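Asker: One predicted model, sequence on top.
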Amino acid sequence: MASPAAFARILRSRGPLSPPTGAIFSNSLPLSTPTPTCAAAAAAAATFGARRTPGSTHAMSTDAPAAADKGKKAARRVEGPADLSTVSPIRGLFYGSLASYERHCRPYPLSLSPDAATTLAEMVAPVEAWFKTVPSARIDEEHAIPDAVMDGMRELGLFGLQIPTELGGLGLSNTAYARMAEEFVMDPSLAVTLMAHQSIGLKGIIMYGTPEQKARYLPKLASGEQLAAFALTEPTTGSDAASVRLRADPTPDGKGFVLNGQKMWISNGGIARTYTVFARTPTATPGETKLTAFIVNRDESTGIVPGAPEKKLGIRGSNTCVVNFDNCFVPRENVLGEVNGGFKVAMGILNNGRFGMGAASAGGLRKLIGAYCVGGARLL
């Protein structure tokens, strides 16, 4: 049989071919290079087999007309239905179509009411168009997001997607937020900045904050006037929240806590004003400590010292740095959840926020499939 390399050469030599009936992409991306049909593949394989030497054990056929006839029969057998949304999603991919995927696999807009789906589509359209104007190369080269780009995201309301409307946000559901996240992936630096801000940075305030805490912090975070960051990782602690060493010692008067220690690899760490910080606090048992979550704001507390931005190999426009806490006083009313109940808060935030990354990744894959697989021969 033909080797993969030989088979690819034959397909290239035949030039562009018409895509199979019904091959479409839901977002109407242009098909710049048509997809080779199964008929062309069968004919190419038959031609290659006819050129093999008669004595070869791998020869497909020594009779060119018979081989060509077999190719035609094979082509007739693999013709797909006119409506490719009726086949299985995987089979549809082999026809070069995402119609079945769109119909059966996407969680939106079928999970929304017709009005909500229409509203979401109207919200997504300008976001999708705006992301196409982002100077991604410049952002990566300069290791920073220009002020004009940040202002553009503020105007689109991207910093408060899931913050309740009464607090200045858009109040999107998880489904609608997931759809928006599919557009963030067009620029990884912006995606990380936005998602570190709201998928985890301010998420704890939405999930566990008191009404007073929400009213105090969320409006500025919704508008993008301030950014949020999630401060869990430490030099000796990765995603294992139980191993945190940052201390939060109660003050003698009981009015608050003093934080001392260091966090590292904090996304938005150098540009955020509001942090969700996890530190160890003493329990009633001598020598025992447990995790407590705090809302720490740089406008209210001193002793918060971000380090220099990390020089990364990728996603270089996103700010990532060490954040030091040096005798940083945090009032008791800034405890998020309960004292010594921080582990539950950390897990709740991470479990709730992870779906955003999955949605963004899926969105990136959908765009790649649309641009390359449905586009066709460029993968050969």
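Answerer: Now that the structure is in, tell me what you want to look at. Here the structure is a predicted model, which is why all the values come from computation and not from measurement.
Asker: mind showing which ranges of the stretch 151-300 of the chain have poor pLDDT?
Answerer: Judged against pLDDT under 70, the stretch 151-300 of the chain has no low-scoring part.
Asker: Could I get the full set of strands for it?
Answerer: Applying DSSP state E, counting those that start in this stretch to the stretch 151-300 of the chain gives strands spanning 228-231, 247-250, 256-267, 274-282, 289-297.
Asker: domain parsing for this protein?
Answerer: By the assignment in automatic domain parsing, the chain contains the domains 4-105, 130-380.
Asker: Point out the most buried one among these.
Answerer: domain 130-380 (a mean of 18; mean count of other C-beta atoms under 10 Å). Backbone N, C-alpha and C define where each C-beta goes, glycine included.
Asker: now the helices for the stretch 51-200 of the chain?
Answerer: Here the stretch 51-200 of the chain has its helices, by DSSP state H, counting those that start in this stretch, at 64-77, 89-94, 99-104, 114-131, 136-142, 147-155, 174-184, 188-195.
Asker: Adding distance to Asn324, write these out as TSV.
Answerer: Converted to TSV, the helices of the stretch 51-200 of the chain look like this (distance: least, C-beta to C-beta, whole Å):
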stretch	distance to Asn324
helix 64-77	67
helix 89-94	49
helix 99-104	47
helix 114-131	34
helix 136-142	26
helix 147-155	25
helix 174-184	30
helix 188-195	21
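Asker: wait, which of these is closest to Pro219?
Answerer: helix 147-155 (13.1 Å; C-beta to C-beta).
Asker: and the closest one, what other elements does it pack with?
Answerer: Judged by 3 or more C-beta pairs under 8 Å, 6 or more residues apart in numbering; DSSP states H and E, helix 147-155 is in contact with helix 188-195.
Asker: Show me what the helix it packs on is packed against.
Answerer: helix 136-142, helix 147-155, helix 174-184, helix 342-368.
Asker: repeat that with 7 Å
Answerer: Judged by 3 or more C-beta pairs under 7 Å, 6 or more residues apart in numbering; DSSP states H and E, the packing partners of helix 188-195 are helix 174-184, helix 342-368.
Asker: Mind checking the ones you listed for the one nearest to Lys214?
Answerer: helix 342-368 (14.8 Å).
Asker: chain center to the closest one: distance?
Answerer: The chain centroid and the centroid of helix 342-368 are separated by 7 Å, computed with C-alpha atoms, centre = their mean, to the nearest Å.
Asker: average model confidence for it?
Answerer: What helix 342-368 shows for mean pLDDT is 89.
Asker: picking up where we left off before, closest to Met123 out of the domains of the chain?
Answerer: Here domain 130-380 is closest among those (C-beta to C-beta), at 7.4 Å.
Asker: if we can go back for a sec, export the domains of the chain to CSV and tack on distance to Leu120?
Answerer: Compiled in CSV, the domains of the chain are given as follows (distance: least, C-beta to C-beta, whole Å):
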stretch, distance to Leu120
domain 4-105, 14
domain 130-380, 5
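Asker: Quick one, which of those domains gets closest to Thr119.
Answerer: domain 130-380 (8.6 Å).
Asker: which residues does Cys328 contact?
Answerer: 258-259, 296, 301-304 (C-beta atoms under 7 Å, 6 or more residues apart in numbering).
Asker: Likewise for Val277?
Answerer: Here Val277 is in contact with 231, 259, 294, 296 (C-beta under 7 Å, 6+ apart).
Asker: Which pair of those spans the longest distance?
Answerer: Top of the distance list for the contacts of Val277 (C-beta to C-beta): Ala231 and Leu259, 10.0 Å.
Asker: got the end-to-end distance for stretch 311-325?
Answerer: Using C-alpha to C-alpha, to the nearest Å, the end-to-end distance of stretch 311-325 comes out at 22 Å.
Asker: what does it contact?
Answerer: So stretch 311-325 is contacted by 139-140, 143-145, 188-189, 192-193, 231, 246, 259-271, 303-310 (C-beta under 7 Å, 6+ apart).
Asker: and what of stretch 112-125?
Answerer: Taking C-beta under 7 Å, 6+ apart as the rule, stretch 112-125 contacts 109, 175-176, 179-180, 183.
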